[in-house]
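*Asks:* one predicted model, sequence on top.
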Amino acid sequence: MAKFTTDVTRRGLLKGSALVGVSLAAPTIFTRTANAFTNEPKGGSVTLGFNVPQTGPYADEGADELRAYELAVEHLNGGGDGGMLNTFSSKALKGAGILGKKVEYVTGDTQTKSDAARASAKSMIEKDGAIMITGGSSSGVAVAVQALCQEAGVIFMAGLTHSNDTTGKDKKANGFRHFFNSYMSGAALAPVLGKAYGNDRKAYHLTADYNWGYTTEEAVRSSTEAMGWETVAAVKTPLAQTDFSSYITPVLQSDADVLVLNHYGGNMVNSLTNAVQFGLRERSVNGKNFEIVVPLYSRLMAKGAGENVKGIFGSTNWHWSLQDEGSKAFVKSFGTKYGFPPSQAAHTCYVQALLYADAVERAGSFNPCAVAEALEGFEFDGMGNGKTLYRADDHQCFKDVLVVKGKENPTSEFDLLEIVEVTPVSQVTYAPDHPQFAGGSLGTCNPGA
Amino acid sequence: MDAILLQILNGLDKGSAYALIALGLTLIFGTLGVVNFAHGALFMLGAFCAVTLNKIFQFSYETIDPVRKDFLGNPLKVETPYVYDWFGADAGAAMIEWSVPLSILFAIPVMILIGLTMERGLIKYFYKRPHADQILVTFGLAIVLQEIIKYFYGANPIPTPAPQALTGSADIGAAIGFDAGSIIYPYWRLVYFLFATVIIGGVFAFLRYTTFGMVVRAGMADRETVGLLGINIDKRFTIMFAIAACVAGLAGVMYTPINSPNYHMGMDFLVLSFVVVVVGGMGSLGGAVAAGFLLGVLESFASMGEIVALLPGINQIIIYLVAIIILLTRPRGLMGRKGVMEE
């Protein structure tokens, strides 16, 4: 019979106790068991985490996002003129915080780098007790932070992220996206391009060499090829590239009559500037005027590219010149507070903050699973872009998409893009199992506890 | 053939920027023995001299236009640049339009002052320190400078266009007997190439044909002996540092219409420029210029669609590949002098 030893020493007991104590006290979100869900608010306030690029190439976009979040917090707490709370179809929010708790916030700097974004989100969740993370200006960051929030058991309300993968192969049950995506850009743009330039065109794509570039190229290619355009070349360009002249000159040697710039931010500013410098806009090929297309526009990018954007088509999630009541209310609040109109990044972040707060109110709980349930299949209006659906299958918002064009005669430094078409939501809606969104699964909601 | 000519032109243009920055780097290394990692930041500061002058010219006062409305529906605030009032509307508009070329006059004293301040205030304390220390402190300085620029100008690129008369493109193909439109090249890039040629020629002539330059060259060859002759060589080297800073700054000024300036542009050029210097041969002015143009042209060719299709990613590593090959076969670089960077 085996001897059962019970020789417990005082030193061993102390060591064991210390080990257990350290394990239990370790501030890790993954071992927390005391709460019903991660960072359940206990006092009179609730903390939201705004994770935006405060440094790096998208810092200006991040600054605009932060302005929008601060405005949203002000409105949620009953300050200011209430902005879109007045036009939002859901009337659950009364300007008394969220579930009676005053809204507070902490901020993090994503630096537009996935690892930095994850680190700042983790810090806000673990150290600051943030119950929801929102923000970002890059699909790489969004996918990384969304995965972290899924593990941690908090809700992620994506900011500016346009890649199909965010709600495609990388979708998560705890992640939600209000912004549109590459597929929608392609679906909205193609008919307008066909009408303006004809169905017999030869396109040359320059594509940013990362996830967002690939999905945008794929979406625009498939949409334009479906209406008869031919793709003569698709060349990847490094993200760090600043001078695109050596990529532009081969375009001159090809028989392409359209250049599609699947570039964003500084890349787009530089590649478009180079393309215009090389006379592409004055060029005539195959008896047609040469044209340039920028699938994803933003006002901040248009400002960077200056005169070069004139007459160039692209798509955008939202624009301050929209005349629906929600957009007008938001532009008035934002413009009065800051002195200039909000960008599309500011709009989507403001809306995401309100949608989260509203979902908590309707669910009657901060529990991420209850919030997710309240958001899934939620239909709303009054936030710009008309009636919008948060589809349950992939947590992607479906709403009207804007096709815009660089304005020929701007009346002010903000008046750079004009809306040429509001593409109805039915035209940009796709099946959840569409090939461009294949792979991955939402999984199940994680409350963290 | 026309594609090859086009890429050569393109490479010369890019090579001009490499050569100008590498020339300044080599001047500093050859005179002061300092490896200046803040040289890219000087290029960036030059570009922001152009941005600043453009903003100064556009400095405006507001009047209310009761007829037109702003984005909130309030009476529109119309901004009128002060230069319109001071010099007349036409002259004021011309000043704004020609702000980039005019920035050369603005940038020369500014960059010389920055160069002198940098050398006297920081670099001189690192003359006798190891190259690693010099690299660390100048790299730190570069980061500080770019953060200062970001604080005041933001992170986004700031478009600073060339004058309207120089924004079009030249149909070089038609001029030399090829098909019309086969070789199109922007006027401003031609201006940039000519400008670089003049600056490089000017620096070489200055060193070759002036007494000052002759003393500097003698000091580069044997600093101690020149000092023993009673010549204050340190003062001359300080001036050479300021000249190098000025060359980098002017390269930045003229580069602004090619790519909108941003706070990070110096770093984008710095590493490549160091590779250019090493390929050309540390301390060799001619080597720096030759390598600048050579690598610019090679990079351009490597970005051709046919080449990239055959060897994906070659355009991103071609410069480093060439650097490896040249350093393996000629460890001192193309035109490097014996003894430089050698124990």
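*Replies:* Sure, I can see it.

*Asks:* so, low pLDDT: which residues of the stretch 201-343 of chain B?
*Replies:* Within the stretch 201-343 of chain B, the ranges that satisfy pLDDT under 70 run B:305, B:337-343.

*Asks:* now the residue in it that chain A sits nearest to. Nearest residue, chain neighbours left out?
*Replies:* Nearest residue of the stretch 201-343 of chain B to chain A (CB to the nearest CB) works out as residue B:303 at 3.5 Å. Heads up, the C-betas are built off the backbone N, CA and C, glycines and all. Spatially, and ignoring its direct neighbours in sequence, residue B:303 is nearest to residue A:246 (3.5 Å; CB to CB, 6 or more residues apart in numbering or on different chains).

*Asks:* which elements pack onto the strand or helix carrying that neighbour?
*Replies:* According to DSSP states H and E, residue A:246 maps onto helix A:245-253. Counting contacts by 3 or more CB pairs under 8 Å, 6 or more residues apart in numbering or on different chains; DSSP states H and E, helix A:245-253 packs against strand A:202-208, strand A:230-237, helix A:265-277, helix B:2-32, helix B:285-302.

*Asks:* for that helix, give me every contacting residue.
*Replies:* A:204, A:206, A:233, A:235, A:237, A:241, A:259, A:271, A:274-275, A:277-278, A:280, A:283, B:2-3, B:6-7, B:10-11, B:13-14, B:181-182, B:184, B:189, B:299-300, B:303-305, B:315 (CB atoms under 8 Å, 6 or more residues apart in numbering or on different chains).

*Asks:* hmm, residue A:363 and residue A:99 touching each other?
*Replies:* No. Using CB atoms under 8 Å, residue A:99 makes no contact with residue A:363, being 9.2 Å away.

*Asks:* please identify which of those two sits among more neighbours.
*Replies:* residue A:363 (19 against 15; other CB atoms under 10 Å in any protein chain shown).

*Asks:* give the contact list for the more buried one.
*Replies:* With CB under 8 Å, 6+ apart, residue A:363 has these contacts: A:370, A:371, A:373, A:374.

*Asks:* show the pLDDT at it.
*Replies:* With respect to pLDDT, residue A:363 scores 97.

*Asks:* go on, the one 3 residues further on?
*Replies:* For residue A:366, the pLDDT comes out at 97.

*Asks:* and it, which helix or strand is it part of?
*Replies:* Residue A:366 is located outside every helix and strand, with elements delineated by DSSP H and E.

*Asks:* all helices of the stretch 101-250 of chain A, in order?
*Replies:* For the stretch 101-250 of chain A, applying DSSP state H, counting those that start in this stretch gives helices covering A:114-126, A:139-152, A:182-197, A:211-226, A:245-253.

*Asks:* grab the nearest non-local neighbour of residue B:285.
*Replies:* Nearest to residue B:285 is residue B:26, by CB to CB, 6+ apart, at 5.4 Å.

*Asks:* quick check: the one you found touching residue B:286?
*Replies:* No. In this structure, residue B:26 is not within contact of residue B:286 by CB under 8 Å, at 9.3 Å.

*Asks:* who has more neighbours, the two?
*Replies:* residue B:26 (25 against 15).

*Asks:* now do that one against chain A, distance only.
*Replies:* In this view, residue B:26 and chain A are 22 Å apart by CB to the nearest CB, to the nearest Å.

*Asks:* and the pLDDT at that residue?
*Replies:* At residue B:26, pLDDT is 87.

*Asks:* contact partners for it?
*Replies:* Contacts for residue B:26 (CB under 8 Å, 6+ apart) come out as B:277, B:280, B:282, B:283, B:284, B:285, B:287, B:288.

*Asks:* 10 Å instead, please
*Replies:* By CB atoms under 10 Å, 6 or more residues apart in numbering or on different chains, the residues touching residue B:26 are B:244, B:273, B:276-277, B:280-289, B:291.

*Asks:* could you give me the PyMOL syntax to select whichever of those are buried?
*Replies:* Selection of buried members from the contacts of residue B:26 for PyMOL, criterion 16 or more other CB atoms under 10 Å in any protein chain shown:
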select buried, chain B and resi 244+273+276+277+280+281+282+283+284+285+287+288+289+291
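
*Asks:* closest one of the contacts of residue B:26 to residue A:391?
*Replies:* residue B:273 (50.6 Å; CB to CB).

*Asks:* how would you label the closest one: helix, strand or coil?
*Replies:* With DSSP: H, G, I helix; E, B strand; the rest coil as the basis, residue B:273 sits in helix.

*Asks:* quick one: common contacting residues for residue B:26 and residue B:286?
*Replies:* Here residue B:26 and residue B:286 share the contacting residues residue B:280, scored by CB under 10 Å, 6+ apart.

*Asks:* my guess is residue B:303 contacts residue B:319. True?
*Replies:* No. With contact defined as CB atoms under 10 Å, residue B:303 does not count as touching residue B:319 (11.5 Å).

*Asks:* more neighbours, the two?
*Replies:* residue B:303 (28 against 22).

*Asks:* distance of that one from residue A:426?
*Replies:* Taking CB to CB, to the nearest Å as the measure, residue B:303 falls 42 Å from residue A:426.

*Asks:* and residue 130, its phi and psi?
*Replies:* Here I'm looking at chain A. phi -60, psi 130 (degrees, to the nearest 10).

*Asks:* and the strands in the stretch 101-250 of chain B?
*Replies:* B:169-171, B:184-186 (DSSP state E, counting those that start in this stretch).

*Asks:* number of residues surrounding residue 314?
*Replies:* You didn't pick a chain, so chain A it is. 26.

*Asks:* oops, I was thinking of chain B
*Replies:* For residue B:314, using other CB under 10 Å, the count is 16.

*Asks:* quick one, what contacts the residue nearest to it when sequence neighbours are not counted?
*Replies:* Nearest residue to residue B:314 in three dimensions, chain neighbours excluded: residue B:302, at 5.0 Å (CB to CB, 6+ apart). By CB under 10 Å, 6+ apart, the residues touching residue B:302 are A:246, B:7, B:11, B:308, B:311, B:313-319, B:321-322.

*Asks:* rebuild those residues as JSON lines, extending it with distance to residue A:175 and secondary structure.
*Replies:* Output for those, formatted as JSON lines (distance: CB to CB, whole Å; DSSP: H, G, I helix; E, B strand; the rest coil):
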{"residue": "A:246", "distance to residue A:175": "38", "secondary structure": "helix"}
{"residue": "B:7", "distance to residue A:175": "45", "secondary structure": "helix"}
{"residue": "B:11", "distance to residue A:175": "45", "secondary structure": "helix"}
{"residue": "B:308", "distance to residue A:175": "35", "secondary structure": "helix"}
{"residue": "B:311", "distance to residue A:175": "39", "secondary structure": "coil"}
{"residue": "B:313", "distance to residue A:175": "32", "secondary structure": "coil"}
{"residue": "B:314", "distance to residue A:175": "38", "secondary structure": "helix"}
{"residue": "B:315", "distance to residue A:175": "36", "secondary structure": "helix"}
{"residue": "B:316", "distance to residue A:175": "33", "secondary structure": "helix"}
{"residue": "B:317", "distance to residue A:175": "36", "secondary structure": "helix"}
{"residue": "B:318", "distance to residue A:175": "40", "secondary structure": "helix"}
{"residue": "B:319", "distance to residue A:175": "40", "secondary structure": "helix"}
{"residue": "B:321", "distance to residue A:175": "42", "secondary structure": "helix"}
{"residue": "B:322", "distance to residue A:175": "45", "secondary structure": "helix"}
